[in-house]
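Enquirer: Predicted structure and sequence below. I'll ask about it afterward.
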Amino acid sequence: MELPMINTNYHTHTYRCKHGEGDIADYCRAAIDNGIKIIAFTDHTPTPDNWHNEVRMNLDELDGYCANIDQARIDFPELTIIKGLECEYRTEVLDFYRDTLIGEYGIEMLVGAVHFLPYKGGSTGLLGKPIPAEALETYTQIAIDTINSKLFSFFAHPDVFASAYRSWDENAINASRKILSAAQEADTVLEINGYGVLKGEIDTPEGLRWRYPLENFWKLASEYDIEVVVNSDTHYPEKITGGMQECLDIAHKYGLKLADMQARLG
C-alpha cells in the first residue's frame, strides 16, 4: 500500500519560544522547498501570568507574531497558512484562550499539550529527569482534562510521558488507555509527533527507543476509534519535516486513520 504524501504540518514554532530558531517567513520558504502545502504556526502561547515564560513567547510579542502570519499569507499565496498557538490546559487561563486569543486575535487553531506537571509543591518537566508513577497519574488527568475541554484542535504528543516515565508497565498501559478512551469519547485528534525522533534514543528497561513517539502507545491506539495527525513540531526551519516519515510509518503500521484537519477546522 502506497503511503500518502507528507504535504501538511500543523505544528511549528519560531524563535519566540526561546528554544527555537527562525521566523514565519523562514518556515514558509522551508515548507515550499519541502513540498508542504498547508502549514500551521503554533508557537508556545504567552499567558498573562507569564507561566513558564522561559520557554514561550512574551505577551508583548503576540501582536508581531500574528502580524507576521498575516503578512506571510500575502507573501506566500501558494501556501495555506493557519494562525495557531500551542497551549497548556490550566483553568485560570481558559478565558484568556477563548476571549483574547480566539476572540480578539483571531487565533484559528489552539493545540493542547502538557509539558509541565505540578509535583511536590512545584513543577516538573516531562523532558528531563524520570518521573514516578504518581506523577504519571497527574499527567494522565491533565491530558484527559485537556481533551475533554474540546477547546483544542488536537492533543499534541499524548505519549510524551514516555520521555520521563520509561517503563512500559501496567502504569503506562493504564495511562495510555485512559487517554485513548478520552480521545475516542471526545472525538479529539491525537498527534504522532516527529520531534521526539530528532531528540534521539533513550535507554529504558525494554531497551533503546525514541523518547516519543512511543510505538506501544500507538499499537494500543489501533484498538480505539480515533484519528491522528502527523506533525514535525519543528523548532528549526531546516527540520520542517523532521521525524514525520517515521511517524507516518507508525500510523500506517497500525492502521491508524489520518484526520482531515482542514475539514475539522472548517
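Expert: Thanks, I have it.
Enquirer: so who does the most centrally placed residue in the chain touch?
Expert: The residue lying closest to the centre of the chain (CA atoms, centre = their mean) is A156, at 2.8 Å. Going by CB atoms under 8 Å, 6 or more residues apart in numbering, A156 touches H11, E86, V111, G112, A113, E191, N193, N231, D233. Where you see a C-beta, it was placed from the backbone N, CA and C, and this is true even at glycine.
Enquirer: Give me the neighbour count for the residue nearest to it when sequence neighbours are not counted.
Expert: Spatial nearest neighbour of A156, chain neighbours left out: A113 (4.0 Å); criterion: CB to CB, 6 or more residues apart in numbering. A113 has 27 neighbours, counted by other CB atoms under 10 Å.
Enquirer: picking up where we left off before, tell me which of the contacts of A156 fall in helices.
Expert: Per DSSP state H, helices hold no members of these.
Enquirer: The residue nearest to A156 reaches C87, doesn't it?
Expert: Yes: look at A113 against C87 with CB atoms under 8 Å: they come within range, at 7.1 Å.
Enquirer: Give me the below-cutoff pLDDT ranges for the chain.
Expert: In the predicted model of the chain, residues 1-5 satisfy pLDDT under 70.
Enquirer: For it, which strand extends over the most residues?
Expert: strand 80-88 (DSSP state E).
Enquirer: So which elements touch it?
Expert: Applying 3 or more CB pairs under 8 Å, 6 or more residues apart in numbering; DSSP states H and E, one finds that strand 80-88 contacts strand 38-44, helix 62-75, strand 109-113.
Enquirer: Any buried residues in the first one, and which?
Expert: Judged by neighbour count (16 or more other CB atoms under 10 Å), strand 38-44 contains these buried residues: I38, I39, A40, F41, T42, D43, H44.
Enquirer: circling back: could you check the angle the longest strand of the chain makes with strand 109-113?
Expert: 40 degrees (axes from the mean of the first three to the mean of the last three CA atoms, to 10 degrees).
Enquirer: next structured bit after strand 80-88?
Expert: Where DSSP states H and E defines the elements, the next helix or strand beyond strand 80-88 is helix 94-95.
Enquirer: what distance separates that following helix from the middle of the whole chain?
Expert: Taking the mean of its C-alpha atoms, helix 94-95 sits 19 Å from the chain's own mean (CA atoms, centre = their mean, to the nearest Å).
Enquirer: repeat for stretch 73-81
Expert: Taking CA atoms, centre = their mean, the mean C-alpha location of stretch 73-81 is offset from the chain mean by 23 Å.
Enquirer: With stretch 18-28 instead?
Expert: Here stretch 18-28 is found 17 Å from its chain centre; the criterion is CA atoms, centre = their mean.
Enquirer: Also stretch 164-174?
Expert: Distance, centroid of stretch 164-174 to centroid of chain: 20 Å (CA atoms, centre = their mean).
Enquirer: re earlier: which residues touch the residue nearest to A156?
Expert: Contact partners of A113, counting by CB under 8 Å, 6+ apart, are E86, C87, E88, T146, F155, A156, H157, V160.
Enquirer: ok, so of the residues you listed, who is nearest P130?
Expert: In terms of CB to CB, no member of the contacts of A113 lies closer to P130 than V160, at 13.5 Å.
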